[in-house]
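Peer 1: okay, predicted coordinates and the sequence, questions at the end:
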Amino acid sequence: MENMKYTEQLIREYLFFRGFTNTLNSFEKDLQTDIAKSYHKDKIFDLIFSSYIPKFQPQNLISLTSFFKQSFSSDETLLLDTLNKLETSLLRYYIVSCVQLGRVDKVVEFFKDFGDDLMLKDHDWMYWFGISYVKNPSLDPIFRVYFTKEWFDGLNLSVRNFLSEVFNGTRIPALLKISSEKHNVNNLKNDIKHLNTRLSQLQALLEEKEAQLSQSRSNISTPRQSSYGGKNESASSTPEIRSSSLPKEPSVSFSGRQSLDKDSSPPGAKGTSPATDSYGGYSDGKESSVDNDELQQEEDFPEVKVDFQETFLGHTSPISCCRFSTSGDNIASASVDGTVRIWTYDSSTSASRNATIYCGAEIMSLEWDCKSDRLLLIGTADGGIKAWNVDAKRVVCDLSTTDAFPSVLDIKCSPVEPIFVSAAASKGHGTSYIDKLGFASLTVWNMRTWKAMTVLPLGNDPPAITSLCFNHNGKILAAAAIDGMIHIFDMSAGLQITGWPAHDSAISSVLFGPDETSIFSLGIDGKVIEWSLQNQGKILWSRNCNRFCNPENSPYYRHEMALDANGKRLLVTSDSVRAPIYQVQDHMNGMKTLPHSAAISTVDWHPTLPIFLTGSVDNSVRVTSILCRASV
C-alpha cells in the first residue's frame, strides 16, 4: 500500500508538470471513490470490451497487452504464452466486430497499420487479410467459428481468468518488483553505455597525447628511430599483444568458427610502395616530405592490441560484404558465390538466428533494419532485393528492380521511417568492378507495403551510385557516384539539394562524420577525404592510402571504409593481408589489423563497442575486439 501511495504522488507530479489539470481533477475524484484500494479487474475488462474494441482503438488494445508483457519476467512462460494467445484472439474479435458493424474500412486500416508485424508473429494471419473481401465471412469455413456466441463467451471467460490470475493480490507486489527491477536494469545498461563512451573518449585523448609526444621525439631523433617498430624503447615502439610467448593452436568447432582468444597471429609480410602525393590539405610546398613521413608511419603502424579475436570459416568463397546488426549481437556476411550467412560471435548470445541464405546470384549489398535485428535486406547482381526475417528464418519479401538496372550496389535503411533506398546500376562494358557499372537509379521503398514509393532525381544518364548514407534523423541522404560526385538529397522533398566533385575518379564509399558536420569519401584512387558540410568543398582531413587500395588488384570488389562508434577511428579495406586503422584528424597516428592470409575486401565496426569486422578474399570473416592503450 505504501508503494501505491508513492506511485499516486508520482502521477500527481507528472500531471502537474504536463498541465493536465482536468485529468488531475478526475484522478483525485476517482481516488476518493476508490474504497477497496485494490486492483479493479472488472474495469480493465470493461476498458477492453466497452471502450477499445467498440470505439475502434486497436492501438490502445495492443499497448495494454504490451504493458502486461513488460511486467512479466522471462521465466513466466505460461503467463506469457497465455497472454500472446489472448492478444491474438482479442485482435481477431476486433476485426469481427468491425465486420459486424459494417466498418470494413476499419479492417483495412488495421491491416495497413499492423499487418506486417502480425505476419512476422503468426503466418495464420495471412488468411485474415482477405476477410474484408469475403461476401459473408460468418458463413466462410475459415472465419465462421469467430462469429459464434460460444467463441465470444470463451474469449470473455479467458480474459477474466487471466486478469484474476494476474491481479489476485499475491502477484501484484511481484509485478511491481519486476517492473522496478527492469527499470533498474535499463538504467544500468544506459550507465554502462555512457561509461564505454567516456572510456573511448579518454582513450582517443590519450592516443592524441601519445601522437604529440611521438612527434616531439621525432624532432630530436632520426625518423626511423622514432617511428613505430623502431629499435629504440620509447613510447612509440611496437607494442606486443597481450598473450603467451607461443600462439595457441586454433580450435575449430563444428560450425566452422575458429577462435583466437588474446593470442597474436603470425606476423604478415609488410608491403612496400613508393611515396605518393597526398590529396588536399598540403599546399605549403612540403608535400614530398610529409608523404615520406606518412608512408613511413603507415608501414610501421603497430598491430592492434587484441582483447579477443574470432574467425568464422563458414564460407567457401571470397567474402564480398559483412555487417553487424543494429544491436551488434548478430553478423551477416556474404560471399561471391551468392551465399549469405547469419551468425553470432558471442557465446552468451542465442544462436537461434543463425542461418544460411542461398540467393542464386552475386551479393552486392547487405543492410540491417535500423530499428531492430529482425530484418536483413540483401541486394544482388540480378536486380533482386530480398528481405530476410531472422526470427522466422525465411524471405518475407522478394523485390525486383527494373531490368535496365540489375546490380543493386547499395541499400540503406532510414534510421527513423520504415523506408529504405536502393542504388541500382545498369551494366557497363569494362572488366574492373567500377568499369562494369553503367547508369544509376535511386529508388525509395516502403518497408510496410514492400512497394516502390519514388525514384530520386539524378538527371539524364547519371553515372552509377556506389554508396549511400543517411544522417541520424533520416532527412538527408548522401550518395557517391563513379564520376567522383557526392550528391546530397532532402528526403522530405525527394530532391537533390546540393553536390560537389569530391574526387577525380570514382568514389567507392561515403560516410557521415560523427557530428554530421562533415562527410567522408573514399575514392578508388585510395584517397580518403573528410569534407565540411558547413563550408562546402572545404577539406578538413585527408589521407592517401592508395598503397592499400589499388583498383587493379581488386577487380572483383569495391573498397570501403567504416567509422567506429565515436567517429575517431577509420578502418579501410586493403589489398594487403592487413588493413589500416587511421586516427581521424591525426596525420601520423594509426594501427594495423592482424593479418588474414589474403586481401581484406570488407570492413565494419560494432555500433557501440571497440570491435570491428574484416572479411577477406581467403573466405574468412574475423571479429576483433581491441584493448584501450591505457589498460595495457
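Peer 2: Right, received. Where do you want to start?
Peer 1: what about stretch 325-340, distance to the chain center?
Peer 2: 11 Å (Cα atoms, centre = their mean, to the nearest Å).
Peer 1: can you pull the buried residues of it?
Peer 2: 325-326, 328-340 (16 or more other Cβ atoms under 10 Å). Glycine gets a C-beta too; all of them are placed from N, C-alpha and C.
Peer 1: among those, which lie within helices?
Peer 2: Among these, no member is found in helices (DSSP state H).
Peer 1: ends of stretch 379-398, what's the gap?
Peer 2: In stretch 379-398, first residue to last residue: 10 Å (Cα to Cα, to the nearest Å).
Peer 1: the strands in the stretch 1-150 of the chain, which residues?
Peer 2: Counting by DSSP state E, counting those that start in this stretch, no segments of the stretch 1-150 of the chain form strands.
Peer 1: follow-up on the earlier one: please flag which of the buried residues of stretch 325-340 sit within strands.
Peer 2: 331, 332, 333, 334, 335, 339, 340 (DSSP state E).
Peer 1: and the fifth one, how far from residue 412?
Peer 2: Relative to residue 412, residue 335 is positioned 22 Å away (Cβ to Cβ, to the nearest Å).
Peer 1: what residues are up against residue 61?
Peer 2: Neighbour list for residue 61: 48, 52, 53, 90, 91, 94 [criterion: Cβ atoms under 8 Å, 6 or more residues apart in numbering].
Peer 1: and the closest residue to residue 619 other than its chain neighbours, what is it in contact with?
Peer 2: Among residues not flanking residue 619 along the chain, residue 315 sits closest, at 4.9 Å (Cβ to Cβ, 6 or more residues apart in numbering). By Cβ under 8 Å, 6+ apart, the contact set of residue 315 is 333, 335, 337, 339, 341, 619, 620, 621.
Peer 1: doesn't residue 315 fall inside a helix?
Peer 2: No - assigned with DSSP: H, G, I helix; E, B strand; the rest coil, residue 315 falls outside any helix and is coil.
Peer 1: show me the shaky parts of the stretch 101-250 of the chain.
Peer 2: 167-250 (pLDDT under 70).
Peer 1: if we use 50, what do you get?
Peer 2: Residue ranges of the stretch 101-250 of the chain with pLDDT under 50: 169-183, 220-250.
Peer 1: now swap in the chain and tell me
Peer 2: Those would be 1-2, 35-37, 169-183, 220-296, 630-632, if you go by pLDDT under 50 across the chain.
Peer 1: show me the helices in it, by range?
Peer 2: Secondary structure of the chain (DSSP H): helices at 2-18, 21-33, 41-46, 58-71, 77-100, 104-121, 149-166, 172-218, 223-226, 287-299.
Peer 1: now the fourth one: buried residues?
Peer 2: Of all the residues in helix 58-71, those buried under the rule 16+ other Cβ under 10 Å are 58, 61, 62, 64, 65, 68, 71.
Peer 1: got the angle for it vs helix 149-166?
Peer 2: 40 degrees (axes from the mean of the first three to the mean of the last three Cα atoms, to 10 degrees).
Peer 1: hmm, residue 160 is touching residue 41, no?
Peer 2: Yes - in this structure residue 160 lies within contact range of residue 41 using Cβ atoms under 8 Å: 7.4 Å.
Peer 1: okay, the buried residues of helix 58-71 in CSV with distance to residue 453 next?
Peer 2: Output for the buried residues of helix 58-71, formatted as CSV (distance: Cβ to Cβ, whole Å):
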residue, distance to residue 453
58, 25
61, 29
62, 26
64, 32
65, 31
68, 36
71, 38
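Peer 1: ok, those residues vs residue 537, which is closest?
Peer 2: Nearest to residue 537 among the buried residues of helix 58-71: residue 62, at 49.4 Å, using Cβ to Cβ.
Peer 1: isn't residue 498 right up against residue 533?
Peer 2: No - Residue 498 lies out of contact with residue 533 (Cβ under 8 Å); the separation is 9.1 Å.
Peer 1: with that, I have no additional questions.
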